[in-house]
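Okay, sequence plus prediction incoming.
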Amino acid sequence: MHRSFLRRRWCALLAASLLPFATLASTVSPNNIVHLIENAQDIVVGTVMTVHDGIDPRGVPYTEVMLEVGEILRGAPSEVVVFRQFGLLQPRKLANGKTLYATRPQGWPEWRSGERVLLFLTPPASETGLRTTVGLTQGKFTIVGNRLQASDGERALFDRISVTTGLLDEGERRLLDKATDNYDANAFLAFVRRAVDQRWIETGSLRHAP
């Protein structure tokens, strides 16, 4: 009975850890920039310092990412951001001789030490504290030089949105003019920075197209 209880408890924790992302994982339609900004609790630019996995005291497998912060576009000021995403890096042999195969689900972000990234992070799950990026891979961007690359080749970030006339500068307007998965990093970050600081979404200046 004790073993059965522990198994039910683990399943409940697993469900709780995945619940905030279930809709995103089961939805094929892409998230545009309005979705990413409005659903992100934290928006962070930084460099991945360390990536390691483990199993927490409740038996939930995780991958922990430590990020050296370059800029916080939304969220509390910090020099380092640490978060845990569901799933192990590799299957893990347990003390009882069995193997736990609960690795990162397909379609979720991968992490590499040393990569510079822009992240739109979800709020932590209430039961487990686990989190990931909004839209899964859609909320993670890699910055190389002055180019910002979408992790999943997303070309629809600026589709189906409306912007108040006269709001954007020339560099920001160019972002909206051409579908791509490789952006000018300075222009993209300036767009997000102004959208957050000036509350474009809250005021309706940046919105979903009707």
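The structure has been received and is ready for your questions.

what about the helices in this protein?
Ranges of helices within the chain are 2-25, 33-39, 170-177, 185-197, 200-203, based on DSSP state H.

residues in contact with the last one?
Defining contact as CB atoms under 8 Å, 6 or more residues apart in numbering, one finds that helix 200-203 is touched by V34, I37, E38, V163, T164, L167, R194, A195, L206, R207. (Each C-beta comes from the backbone N, C-alpha and C, glycine too.)

ok, those vs S126, which is closest?
E38 (19.7 Å; CB to CB).

okay, now the spatially closest residue to the closest one that is not a sequence neighbour: neighbour count?
Using CB to CB, 6 or more residues apart in numbering and skipping residues adjacent in sequence, the residue nearest E38 is I201, 5.2 Å away. Residues lying near I201 (other CB atoms under 10 Å) number 16.

Same check on R199?
12.

Quick check: it vs I37, distance?
10 Å (CB to CB, to the nearest Å).

Tabulate the contacts of helix 200-203 (TSV), appending pLDDT.
As requested, these are arranged in TSV below (pLDDT from 0 to 100):
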residue	pLDDT
V34	95
I37	97
E38	96
V163	94
T164	94
L167	91
R194	96
A195	96
L206	96
R207	95
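
Selecting buried members of those in ChimeraX, what would you type?
This is the ChimeraX syntax for the buried subset of these, where burial follows 16 or more other CB atoms under 10 Å:
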select :34,37,38,163,194,195,206
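
Can you name the residues that contact the nearest residue to L89 once chain neighbours are set aside?
Computed as CB to CB, 6+ apart, the closest residue to L89 that is not its neighbour in sequence is D53, at 4.4 Å. By CB under 8 Å, 6+ apart, the contact set of D53 is P61, Y62, T63, E64, G87, L88, L89, Q90, R92.

7 Å instead?
By CB atoms under 7 Å, 6 or more residues apart in numbering, the residues touching D53 are P61, Y62, T63, L88, L89.

next one: M66
Contacts of M66 by CB under 7 Å, 6+ apart are M49, T50, V80, V82.
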